[in-house]
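Asks: Sequence and predicted model, in that order:
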Amino acid sequence: MKVLTVLLLLSTLPVSAASLYVRGGVAIEQSGDTTVSDRDCASTNPPALFGCGIDARGGFATVEAFDVAAGANLGEHARVELAFTDRDLDLGASANFTGVRGAQPVRANGSSRALLLNGFWTCDNDADIQPFVFAGAGIARNEIGEVRYTFPGIAANALTITQGGSSSGLAWNAGAGVSVRMASSLFVDVALRYTDLGDVETDAGDATIVRPSRTIVLGIDGTRANADTLGVAITLRWSR
């Protein structure tokens, strides 16, 4: 509702006060270090996957992101936009379960979709090269598929598979960049940006535990991992 209100207000501004624009492009980002841990390490009903003092640490693989946005130029230096970004979030980590020899790789495929309201400040709106800074906040919907914990030190086929899950929460970003004028109304925007996407969570549910002597199914509690990225976005922006 708040986003709709902002868009309605922008639509009432005269063209001289607020010229509209659209932009779209791609970004390559790296995630920060992340820790997969229990939502409640002391939970017994259902039991926690890790238990207190145990977790999995790593990060999300190189993140490819796709951006689309629509906004308005406000005066000589400011602009505001509503931006949608689609990211993949593929987890790679290593667990530290006690009593297990060797590596304990953790893998899962995931994604994130964020809708943010961003504000920009451009230093020189008339130049062909225009430095800018920006910040914004909104909501992210993070999803992750089943999580596979493998234990080659036990056996080649020893693994634990837990439920995936989805979650929504506050997201924000901030950064700086430059706009390069390609034509009177066409710009290339290059920005370095940091984005905090909140938590990636798995649901409570059945975990399948495969060991050399048997396979069992056990109900466990959910887990969470923080997700943030830093990278470069390149987009084309066309102003009316």
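Replies: Yep, it's here.
Asks: For the residue nearest to the spatial centre of the chain, pull up the helix or strand it's in.
Replies: Nearest to the mean C-alpha position of the chain, by Cα atoms, centre = their mean, lies residue 197 at 4.3 Å. Residue 197 is part of strand 186-201, with elements assigned from DSSP states H and E.
Asks: Restrict that strand to CA atoms and write it as CSV.
Replies: Backbone C-alpha positions of strand 186-201 (Å, rounded to 0.1, in the frame of the first residue of the first chain) are rendered in CSV as follows:
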residue,chain,number,x,y,z
LEU,A,186,19.8,7.4,-22.6
PHE,A,187,22.3,6.6,-19.9
VAL,A,188,24.5,3.7,-18.8
ASP,A,189,24.5,3.4,-15.0
VAL,A,190,27.4,1.6,-13.4
ALA,A,191,27.1,1.1,-9.6
LEU,A,192,28.8,-0.6,-6.7
ARG,A,193,26.2,-1.7,-4.3
TYR,A,194,25.8,-3.6,-1.0
THR,A,195,22.5,-5.4,-0.4
ASP,A,196,21.2,-7.0,2.8
LEU,A,197,18.5,-9.6,1.9
GLY,A,198,17.7,-10.7,5.5
ASP,A,199,17.6,-14.4,6.4
VAL,A,200,17.2,-17.5,4.2
GLU,A,201,15.3,-20.0,6.2
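Asks: and that strand, average pLDDT?
Replies: Averaging pLDDT along strand 186-201 yields 97.
Asks: Direction included, what does it pair against?
Replies: strand 165-183 (antiparallel), strand 223-239 (antiparallel) (DSSP bridges).
Asks: what's the most buried one of those strands?
Replies: Ranked by mean neighbour count, the strands paired with strand 186-201 are led by strand 223-239 with a mean of 19 (mean count of other Cβ atoms under 10 Å). C-betas here are computed from N, CA, C, even on glycine.
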